[in-house]
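Student: this is a predicted model, with the sequence first.
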Amino acid sequence: MRLTFSLIALLTAAALAPQFAAAAGRLNVLFIAVDDMRPQLGCYGDPLACTPSMDKLASGGLLFNRAYCQQALCSPSRISLLSGRYPSTTRIFQIGPPLRSTMPDVVTLPQHFKDNGYFTRSLGKVYHVGIDDPASWSVPSWQSRKPRYGPEGMKMVAARKAEMKRKGEKESTKGPNRSFYAGPAFEAVDCGDQDLLDGDTAREAVGVIKELAGKPDQPFFLAVGFSNPHVPWVSPKKYWELYDRTKIRLPDNQFTPKNAPVFAARTGQDFRWYGNVPKGEMSDDFKIDCIHGYLAAISYIDAQVGRLLAALDDAGLGKNTIVILWGDHGYYMGEHSWWGSKHNNYEGATRAPLILRVPGQKVAGQKTDSLTEFVDIAPTLAELCRLPKSDGFEGRSFAALLSDPRAKLEETALSFYPMGGYMGNAMRTDRYRYVEWYDKSGKLAARELYDHQSDPKENVNVADDPANQDTIEKLSKQLRGLGRIVKPGK
């Protein structure tokens, strides 16, 4: 449900018009996607994370404290964001199907820019590696050929391949029987940034920015996607050395949510496929190594973001380029006993970082607690760049927050996830996370309710508490009123 949104939009448009009119010509867009990066950044208040570049971006823009993806899985989340449609519309809930297999005539966010005179380009992991959308881009997408692993990781992978060959085993495309998973879950590599995939992606992006600077009359939408900190957490050694492991703390809720449906709280199995991950109980030292590797991977990406921002400024493009940075979903690093995982409908999986910087914005360096959905990004960027409205975008612009970060534009944020033959429909409100699970027959099979006022870590499902039945009824009515309930196979 939206709060008097049409009125807010009209007032916002009037306020924003002179605010951004000073930008020379049409505004460009630098669209930065980061894989599996939860809001564990300095600008989000993390005491350990060394992220000066993203912190600087936030200091000149607006940080979204409560931004939510529509599904906590790479490809469905990205397809939803880039199409501006909910998964209930795209019908894509797994990695594999491209967007046009379900919506052949869809006009995506970058395609909308391309259709309105922009040069659109994709570098790195923007949709999903191997699942692109050529119609979105002016030229074919670019992918680095540099490795994700360093030498030791590559040795482990090569050894597994050789073993499989000796045994006559066939490598699968999915599941644990892939040689890639023979590599370690984390690795500190004695190398330069550009020797690994993400540094090479940044190198290519810097070159493209320089090229675009030579075409001042050609507005652009440049999408750059980084693969870290998706496991394996591999980064140059210097980023590992930023952290003192004695200061790393393990989460205090290493147990699955109490009273939650068993199928809803089963996740993280793929992390166990990596070569150095114990098959049984992980020691505390190993868990700390994991967090250390994850933090190092975030700092590695932060440095690459810094290179992009510096290239913009050096090329004189900072003054007329919108910069938006987002993580495709949240991530669990030990909370609820889940490691290197998303794959569910909980807060830690669906809440993700989002930072927006617009040239000439009046309010900078502030944070907003307004509930925001990733489907809102498409109409927001279109409005800020004064493109015609796309009727296909299902989100609503949050441009009003650039003038008033305290505004409350939405009452809910939705997410979806299929688990064990059930389909979960989750709704985040200001206070609650409410989930309805439907079985294959289309019947309501289970509910979850987490009260963030008393249980911000979602440790206890209180849906069956008789004291909450009035709340359950109100939330269920609210969820159904949004008209986006998804059931298995429907």
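Tutor: The structure has been received and is ready for your questions.
Student: identify each buried residue in stretch 363-375, please.
Tutor: 363, 367, 368, 370, 371, 372, 373, 374, 375 (16 or more other C-beta atoms under 10 Å). Bear in mind the C-beta positions are built from the backbone N, C-alpha and C, glycine included.
Student: dump the residue contacts of the closest residue to residue 70 other than its chain neighbours.
Tutor: For residue 70, ignoring the flanking residues on the chain, the nearest one in space by C-beta to C-beta, 6 or more residues apart in numbering is residue 80 at 4.3 Å. Residues in contact with residue 80 (C-beta atoms under 8 Å, 6 or more residues apart in numbering) are 69, 70, 71, 86, 87, 90, 92, 374, 375.
Student: ranking by neighbours, what's the top pick from those residues?
Tutor: Among the contacts of residue 80, residue 71 has the most neighbours (other C-beta atoms under 10 Å), with 33 neighbours.
Student: and it, how far from residue 487?
Tutor: Distance of residue 71 to residue 487, given as C-beta to C-beta, to the nearest Å: 15 Å.
Student: what of residue 303?
Tutor: Distance from residue 303 to residue 487, by C-beta to C-beta: 45 Å.
Student: name the residue in those two with the higher neighbour count.
Tutor: Taking neighbours as other C-beta under 10 Å, residue 303 and residue 487 compare with residue 303 leading, 20 against 17.
Student: for the more buried one, what are its contacts?
Tutor: So residue 303 contacts 53, 193, 239 (C-beta under 8 Å, 6+ apart).
Student: restricted to helices, list the contacts of residue 80.
Tutor: With helices taken from DSSP state H, the overlap with the contacts of residue 80 comprises 87, 90.
Student: now the stretch 351-490 of the chain, which segments are flagged as low pLDDT?
Tutor: 490 (pLDDT under 70).
Student: so the spatially most central residue of the chain versus residue 423, what's the distance?
Tutor: Residue closest to the average C-alpha location in the chain (C-alpha atoms, centre = their mean): residue 328, at 1.3 Å. Distance of residue 328 to residue 423, computed by C-beta to C-beta: 20 Å.
Student: and residue 332, by the same measure?
Tutor: Counting by C-beta to C-beta - residue 332 and residue 423 are separated by 21 Å.
Student: picking up where we left off before, now the buried residues of stretch 363-375 in CSV, with distance to residue 318?
Tutor: Listed next are those as CSV, based on distance: C-beta to C-beta, whole Å:
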residue, distance to residue 318
363, 18
367, 22
368, 22
370, 26
371, 30
372, 24
373, 28
374, 25
375, 28
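Student: for the contacts of residue 303, give me CSV that also has secondary structure and pLDDT.
Tutor: Putting the contacts of residue 303 into CSV (DSSP: H, G, I helix; E, B strand; the rest coil; pLDDT from 0 to 100) gives the following:
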residue, secondary structure, pLDDT
53, helix, 98
193, helix, 98
239, helix, 98
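Student: among those residues, which one has the most neighbours?
Tutor: Counting by other C-beta under 10 Å, top hit in the contacts of residue 303: residue 239 with 24 neighbours.
Student: surely that residue touches residue 297?
Tutor: Yes. Here residue 239 lies in contact with residue 297, judged by C-beta atoms under 8 Å, at a distance of 7.5 Å.
Student: any idea which helix or strand comes after whichever helix or strand residue 380 is part of?
Tutor: Counting by DSSP states H and E, the element that carries residue 380 is helix 377-384. Downstream of helix 377-384, the next assigned helix or strand under DSSP H and E is strand 413-419.
Student: the following helix or strand past that next one vs strand 413-419, what angle?
Tutor: Next helix or strand after strand 413-419 toward the C-terminus (DSSP H and E): strand 422-428. Angle of strand 422-428 versus strand 413-419, following axes from the mean of the first three to the mean of the last three C-alpha atoms, to 10 degrees, is 160 degrees.
Student: which helices and strands sit right next to strand 422-428?
Tutor: Under the contact criterion of 3 or more C-beta pairs under 8 Å, 6 or more residues apart in numbering; DSSP states H and E, strand 422-428 touches helix 347-350, strand 413-419, strand 432-438, strand 444-451, helix 469-481.
Student: out of the ones you listed, flag the one nearest residue 63.
Tutor: strand 413-419 (16.5 Å; C-beta to C-beta).
Student: so who does the closest residue to residue 142 other than its chain neighbours touch?
Tutor: With C-beta to C-beta, 6+ apart as the criterion, residue 142 has its nearest non-adjacent residue at 4.9 Å, and that residue is residue 123. The neighbours of residue 123, taking C-beta under 8 Å, 6+ apart as the test, are 141, 142, 201, 204, 205, 208, 222, 223, 224, 225.
Student: please apply the same query to residue 34.
Tutor: 225, 226, 228, 229, 301, 325, 326, 327, 328, 353.
Student: Serialize those residues to JSON lines and add fields for secondary structure and distance to residue 465.
Tutor: As requested, the contacts of residue 34 are exported to JSON lines (DSSP: H, G, I helix; E, B strand; the rest coil; distance: C-beta to C-beta, whole Å):
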{"residue": "225", "secondary structure": "strand", "distance to residue 465": "43"}
{"residue": "226", "secondary structure": "strand", "distance to residue 465": "42"}
{"residue": "228", "secondary structure": "coil", "distance to residue 465": "41"}
{"residue": "229", "secondary structure": "coil", "distance to residue 465": "37"}
{"residue": "301", "secondary structure": "helix", "distance to residue 465": "41"}
{"residue": "325", "secondary structure": "strand", "distance to residue 465": "39"}
{"residue": "326", "secondary structure": "strand", "distance to residue 465": "35"}
{"residue": "327", "secondary structure": "strand", "distance to residue 465": "33"}
{"residue": "328", "secondary structure": "coil", "distance to residue 465": "34"}
{"residue": "353", "secondary structure": "coil", "distance to residue 465": "33"}
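Student: adding distance to residue 447, write those residues out as TSV.
Tutor: Below are these laid out as TSV (distance: C-beta to C-beta, whole Å):
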residue	distance to residue 447
225	36
226	37
228	36
229	33
301	37
325	35
326	30
327	28
328	27
353	29
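Student: out of these, who's nearest residue 456?
Tutor: Nearest member of the contacts of residue 34 to residue 456, counting by C-beta to C-beta, is residue 353, at 17.6 Å.
Student: dump the residue contacts of that closest one.
Tutor: If you count contacts by C-beta under 8 Å, 6+ apart, then residue 353 has 34, 37, 38, 39, 41, 44, 54, 64, 67, 325, 326, 327 around it.
Student: swap in 10 Å and give it another go.
Tutor: When contacts are counted by C-beta atoms under 10 Å, 6 or more residues apart in numbering, residue 353 touches 34, 37-41, 43-44, 51, 54, 58, 63-65, 67, 325-327, 330.
Student: distance of the closest residue in space to residue 416 that isn't next to it in sequence from residue 266?
Tutor: Sequence neighbours aside, residue 87 is the residue nearest to residue 416 in space, at 4.9 Å (criterion: C-beta to C-beta, 6+ apart). Separation of residue 87 from residue 266 (C-beta to C-beta): 20 Å.
Student: average pLDDT across the host helix or strand of residue 308?
Tutor: Taking DSSP H and E as the criterion, residue 308 maps to helix 284-314. Averaged across helix 284-314, the pLDDT comes to 98.
Student: starting at the chain centroid, how far to it?
Tutor: Relative to the centre of its chain, helix 284-314 is centred 15 Å away, using C-alpha atoms, centre = their mean, to the nearest Å.
Student: next: stretch 274-289.
Tutor: 25 Å.
Student: just the endpoints, please. Distance across it?
Tutor: This stretch, stretch 274-289, spans 14 Å end to end (C-alpha to C-alpha, to the nearest Å).
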